[in-house]
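**Q** Structure for this input, please:
(one chain, ligands or ions: 1)
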Amino acid sequence: MRKSWSLITLCCIVTAGCTSSTGAMENVEEGENIVIDVSLPLGAESHHGVGVLKFGEELERLSEGRISVRPYYDNALGAEREVFEGMGIGIIDAGMVSTGPMGGFLNEVMLFDLPYIFQDYGHAHQFLDSAYGEEMSLAIEEQTNVKVLAWMENGFRYQTNSVTAVETPEDLVGTNHRTQESQVQIDTWETLGANATPMAWNEVYSALQQGVIDSQENPIPTIYDMNFSEIQPYLNMTQHVYSPAPLLMSGQLFEAFSEEDQELILEAAEIALHVQREESREQTEAFVEALEEDGMEVTYPDMELFTEAAAPVIEEWKEVIGEDLVEAARDFEVE
Ligand code: MLT
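**A** Next comes the predicted model:
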């Protein structure tokens with residue numbers, strides 16, 4: 001019979017007499033079949049879904065069927081911040097979480113909330129695949145007990161709203177804009193002129209639908225997956241932030257595998273990483289037109305104006321995030 005790790009862990013936590021969260025069940029026994037539950041914020045056909053499914057397929061192949069993956073789409077295991085926290089304490093196996101809600105656990109991750117740091121996908125990918133990405137993975141692991149398996153991607157983010165086409169920052173004045181749960185993002189949108197409200201991802205669609213907020217921002221594949229064209233007539237190509245969506249695993253669960261299995265897990269994640277980034281690129285290219293066909297008005301604002309207007313946010317936060325890190329990211333030499 002196959003075991004789901006999070007259920008075992010959860011049982012252990014609630015069972016009196018268990019010495020630690022995972023206790024005697026800590027190690028995955030040789031020959032045992034394991035199902036890893038993976039939380040995703042989007043659906044199966046999204047760029048996230050494609051990455052997790054590829055990870056599962058490769059892991060099953062490499063482990064000759066012993067280790068498999070069970071995806072839970074559309075936040076079915078909880079909102080992203082809860083999922084991240086759950087992995088840290090070992091009650092959630094694994095998940096894809098966008099970096100926005102992770103900054104509350106680790107200042108360095110707020111790098112990805114700063115506006116206009118990364119110029120293009122090459123810049124972001126090469127930075128993440130360099131020693132800087134590796135160092136950040138280690139810091140996440142050490143400080144939160146969550147293992148980064150691969151720097152998968154959410155993508156560059158674009159603003160949508162139900163009020164107006166956005167050409168300049170002045171067009172944002174008075175809009176009620178949802179941010180991720182990140183003080184840097186709140187400051188960015190307030191600096192640009194909007195009224196910013198942090199909100200968990202799983203509440204956003206209904207808040208937009210009910211008019212509690214009228215604006216949000218996300219990568220193109222996400223905007224498409226969520227059918228935001230039904231309720232947001234304006235798509236503004238602000239490209240203000242590059243947002244990774246790392247594939248993560250509970251540190252306890254990762255450590256419970258043998259070294260050989262850990263290698264397989266990392267190998268499967270590495271193969272899936274490239275497939276996921278490629279899917280993200282293809283969806284981003286294809287879906288702007290698809291969203292336009294679905295009725296969204298697409299506007300290309302003057303990016304210089306936005307970069308200039310948002311610059312004080314970088315100055316305000318660079319000490320907290322790490323001046324060296326911010327400069328290393330901004331000035332990273334792309335090959
Ligand atoms: C968000 O806006 O909260 C996220 O980008 C959602 C996601 O991770 O897809």
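
**Q** Compute the first-to-last residue distance for stretch 190-198.
**A** Length of stretch 190-198, first residue to last, CA to CA, to the nearest Å: 12 Å.

**Q** how distant is that stretch from the center of its chain?
**A** 21 Å (CA atoms, centre = their mean, to the nearest Å).

**Q** buried stuff in that stretch?
**A** Thr191, Leu192, Gly193, Ala194, Ala196 (16 or more other CB atoms under 10 Å). For every residue, glycine as well, the C-beta is placed using N, CA and C.

**Q** From those, list the ones also adjacent to the ligand.
**A** Filtering the buried residues of stretch 190-198 for neighbours of the ligand using CB under 6 Å from any ligand atom leaves an empty set.

**Q** least trustworthy helix or strand in the protein by mean pLDDT?
**A** Ranking every helix and strand in the chain by mean pLDDT, DSSP states H and E puts helix 5-14 at the bottom, with a mean of 42.

**Q** Take the buried residues of stretch 190-198 and keep only those in strands.
**A** Secondary structure from DSSP state E places Ala196 of those in strands.

**Q** Now do the residue nearest the centre of the chain against Gln210, distance only.
**A** With distances taken as CA atoms, centre = their mean, the residue of the chain nearest its centroid is Ser98 (1.4 Å). Between Ser98 and Gln210 the distance is 23 Å, computed by CB to CB, to the nearest Å.

**Q** helix, strand or coil for the residue in the stretch 51-200 of the chain that the ligand sits nearest to?
**A** Closest contact between the stretch 51-200 of the chain and the ligand, by CB to the nearest ligand atom, is at Ser98 (3.4 Å). Here Ser98 is recorded as coil under DSSP: H, G, I helix; E, B strand; the rest coil.

**Q** which phi and psi does it have?
**A** phi -70, psi 150 (degrees, to the nearest 10).

**Q** Ok, Ala150 next?
**A** phi -160, psi 140.

**Q** Go ahead and confirm it touches His274.
**A** No: using CB atoms under 8 Å, Ala150 is not in contact with His274, being 9.2 Å away.

**Q** Which one's more surrounded, these two?
**A** Ala150 (26 against 14; other CB atoms under 10 Å).

**Q** tell me the domain ranges of this structure?
**A** 2-154+243-284, 158-242+287-330 (automatic domain parsing).

**Q** Look through the chain and tell me its longest helix.
**A** Ranked by number of residues, the top helix in the chain under DSSP state H is helix 259-293.

**Q** from the middle of its chain, how far away would that one be?
**A** 13 Å.

**Q** Equivalent analysis for stretch 204-211, please.
**A** Here stretch 204-211 is found 21 Å from its chain centre; the criterion is CA atoms, centre = their mean.
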